[in-house]
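J.: Here is a sequence together with a model predicted from it:
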Amino acid sequence: PAAGDVVSSAMAGASLVEPGERVLVCGGPGIAEAVTGRGAEPVMNRGTEDGVGDVDVVMVGYHRDFDYERLRVATFALQRGARLVATNDDATYPTDEGILPGGGSLVAAVAYASGRAAEVAGKPHPPMAELVRAMVGPEGTVVGDRPDTDGHFAVTLGYRWALVLSGVTAADDLPVDPTPDVVAPDLASLVP
C-alpha cells in the first residue's frame, strides 16, 4: 500500500494555497482532495453566465474533460485577480493509448487566454522539492523517464537521477541533459 508514501503534484499545488482561500479547480478529483486537505475550498462549478463568483486561485492540472467552458470560466476568474497555479507543466503524458497532451498543455491554454503566468508546483519546481525533502530527507534517488522534469527535479533536490527508458525517453534519445547517474530499460531492471 502506498498510503502516506505518495507526493502528487496536486499536493504540491495545494501547498501554494492558503487555508480559507477559494480555489477554482480545473483538474481532476486529486486537486479537490488536496485543496480540501489544505483547508481551502475547492470550487468545482463549471460556471454560470457570470462565472463562479470570486475565487482566489485557479488551479489547473491534467484532466480529460477540459473544454472551452472551463477555459472561459478560468479566464474570467484570472481577469478578476485570481492567481494561476499549475500542478505541473508536463507537455505530454504517457499512457497505454500512447503519448497524450499533459497538464502543461492545459495550463498553456489558460495562461495564453488570460495573459497570466502560472506558478508551477510539480517537478522540477521548488514546491514539489520541499514536499519530497520533508518526506524523504536530504538524500535520495529520483527515478523517471523525462529529463525535463525528472532529471531537473533530481538536480533541484541534489539527489541522484536514474533514467528509465520505459516512458517518454528512448535509447535513441541519449545523451540527455541533465546526464543521468544511471540508465535502465525500466524500473524492474533498475531495482533487481
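T.: Here it is on my side, so go on.

J.: in this structure, which spans are strands?
T.: 22-26, 41-43, 57-60, 83-86, 92-95, 98-101, 119-120, 141-144, 160-164, 182-184 (DSSP state E).

J.: Not counting its own residues, what contacts the fifth one?
T.: Meaning strand 92-95. 62, 99, 100, 101, 102, 103, 105, 145, 167, 168 (Cβ atoms under 8 Å, 6 or more residues apart in numbering). (C-beta placed from N, C-alpha, C; glycine too.)

J.: Then the first one?
T.: Residues from elsewhere that reach strand 22-26 (Cβ under 8 Å, 6+ apart): 17, 31-32, 35, 40-44, 52-61, 63, 66, 70, 73-74, 77, 82, 106, 110.

J.: Quick one: buried ones out of the residues you listed?
T.: 17, 31-32, 35, 40-43, 52, 55-61, 63, 66, 70, 73-74, 77, 82, 106, 110 (16 or more other Cβ atoms under 10 Å).

J.: Can you give me the buried ones in stretch 24-32?
T.: For stretch 24-32, by 16+ other Cβ under 10 Å, it's 24, 25, 26, 27, 28, 30, 31, 32.

J.: Widest-spaced pair of these?
T.: Farthest pair in the buried residues of stretch 24-32 (Cβ to Cβ) is 24 and 30. Separation: 15.4 Å.

J.: Leaving out the residues flanking it, which one is nearest to residue 36?
T.: The shortest distance from residue 36 to any non-neighbouring residue, by Cβ to Cβ, 6 or more residues apart in numbering, is to residue 42 (5.9 Å).

J.: That neighbour reaches residue 35, doesn't it?
T.: Yes. In this structure, residue 42 is within contact of residue 35 by Cβ atoms under 8 Å, at 4.5 Å.

J.: what residues are up against residue 144?
T.: Residue 144 touches 123, 150, 151, 153, 161, 162, 163, 164, 167, counting by Cβ under 8 Å, 6+ apart.
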